[in-house]
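[1] below is the sequence, then the predicted model.
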Amino acid sequence: MPPEPPPLPALTRAEGELVDRYLEVVDLLGRINPARGRDTYGALRAAQALTGRAAALRDALTVMHERGETELHAHTLARALRVLDGPRRAGLVGLPPEPGS
């Protein structure tokens, strides 16, 4: 049985929405990444979904701004991203290592 992940830090509802929408966009970008892709259809489907997820990310930031949440608490949000496997997920957006490296 894998170890239980650490608990998420306390987030406002808007911060939680921001983190979730951000990771959705990152996941789609990872699926679109031509250096990691396997077929055009999967990348096309991810690209089509990206516009909607990007709009949801924009909306989450708009809600925060309208509520007066003018500051991003980067340390806390980074902790939440780490708990939610953000480093691995974001790594899929970049180039894979060279073969034999």
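    Arrived safely, thanks for sending. Numbering: from 1, shown residues only.
[2] between its first and last residues, how far does stretch 58-76 reach?
    20 Å (CA to CA, to the nearest Å).
[3] so which residue is smack in the middle of the protein?
    With distances taken as CA atoms, centre = their mean, Leu23 lies nearest the centre of the chain, 1.6 Å away.
[4] what's next to the helix or strand hosting that residue, contact-wise?
    Leu23 belongs to helix 13-32 when assigned by DSSP states H and E. The contact list for helix 13-32 (CB atoms under 8 Å, 6 or more residues apart in numbering) reads 11, 36-37, 42-43, 45-47, 49-50, 53-54, 56-57, 59-61, 63-64, 67, 69, 73, 76-77, 80-81, 84, 86, 89-90, 92-93. Backbone N, C-alpha and C define where each C-beta goes, glycine included.
[5] at 7 Å instead, please
    11, 36, 42-43, 46-47, 49-50, 53-54, 56-57, 60-61, 63-64, 67, 69, 77, 80-81, 84, 86, 89-90, 92-93 (CB atoms under 7 Å, 6 or more residues apart in numbering).
[6] relative to Asp20, how far out is Thr12?
    13 Å (CB to CB, to the nearest Å).
[7] all helices for this structure, in order.
    Secondary structure of the chain, counting by DSSP state H: helices at 13-32, 40-66, 74-83, 86-91.
[8] distance of Pro7 from Ala55?
    With CB to CB as the criterion, Pro7 and Ala55 are 30 Å apart.
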